[in-house]
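Chemist: take a look and give me a structure for this.
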Amino acid sequence: MIHTLGENGIEVTGKDFIRDMSLLIEFTKGTIYRGMELPHETQPILENLVKLTTTTDDDFESEVNLGGIEDYIKMLGEDENDPEVS
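Modeler: Now for the predicted structure:
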């Protein structure tokens, strides 16, 4: 996929791209681990941020909870500014 993106003019050597792809690779590892029935740290994140519903023909539809992602980002930012509690 990265090779194809590079062939189509996407800058694949930049700092932001490498950071973003690192997360995607980690989520992919979690998916592979799940297929092997092994735990991985990313699996609960996906379970909480992606809703699956079964359609009438036994297929699945997925919906990514973008609001949940925004809430998580806000929560991370708040941790930096919160006073330390002892």
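Chemist: centre of the chain versus the longest helix anywhere in the chain, how much separation?
Modeler: Determined from DSSP state H, the single longest helix within the chain is helix 15-35. Offset of helix 15-35 from its chain centre (C-alpha atoms, centre = their mean, to the nearest Å): 7 Å.
Chemist: now it: average pLDDT?
Modeler: The pLDDT scores in helix 15-35 average 96.
Chemist: excluding chain neighbours, give the residue nearest to the most centrally placed residue in the chain in space.
Modeler: Central residue of the chain (C-alpha atoms, centre = their mean): F27, 5.7 Å from the mean position. Distances taken as C-beta to C-beta, 6 or more residues apart in numbering put T42 closest to F27, at 5.1 Å, once the chain neighbours are dropped. Where C-beta positions appear, they are placed from N, C-alpha and C, glycine not excepted.
Chemist: quick one: the one you found from G14, how far?
Modeler: To G14, T42 is 24 Å away according to C-beta to C-beta, to the nearest Å.
Chemist: looking at the two, which is more packed in?
Modeler: T42 (17 against 10; other C-beta atoms under 10 Å).
Chemist: about what we covered before: state the distance from the residue nearest to F27 to D58.
Modeler: Counting by C-beta to C-beta, the gap from T42 to D58 is 27 Å.
Chemist: do the same with V50
Modeler: Counting by C-beta to C-beta, the gap from V50 to D58 is 19 Å.
Chemist: between these two, tell me which one has more neighbours.
Modeler: V50 (12 against 6).
Chemist: give me phi/psi at the more buried one?
Modeler: Backbone torsions for V50, taken as degrees, to the nearest 10, come to phi -130, psi 120.
Chemist: tell me the SS of D58?
Modeler: Of the three states, D58 takes coil under DSSP: H, G, I helix; E, B strand; the rest coil.
Chemist: residues in contact with the longest helix of the chain?
Modeler: Outside helix 15-35, the residues that touch it by C-beta atoms under 8 Å, 6 or more residues apart in numbering are I2, I10, E11, V12, P39, H40, E41, T42, Q43, I45, L46.
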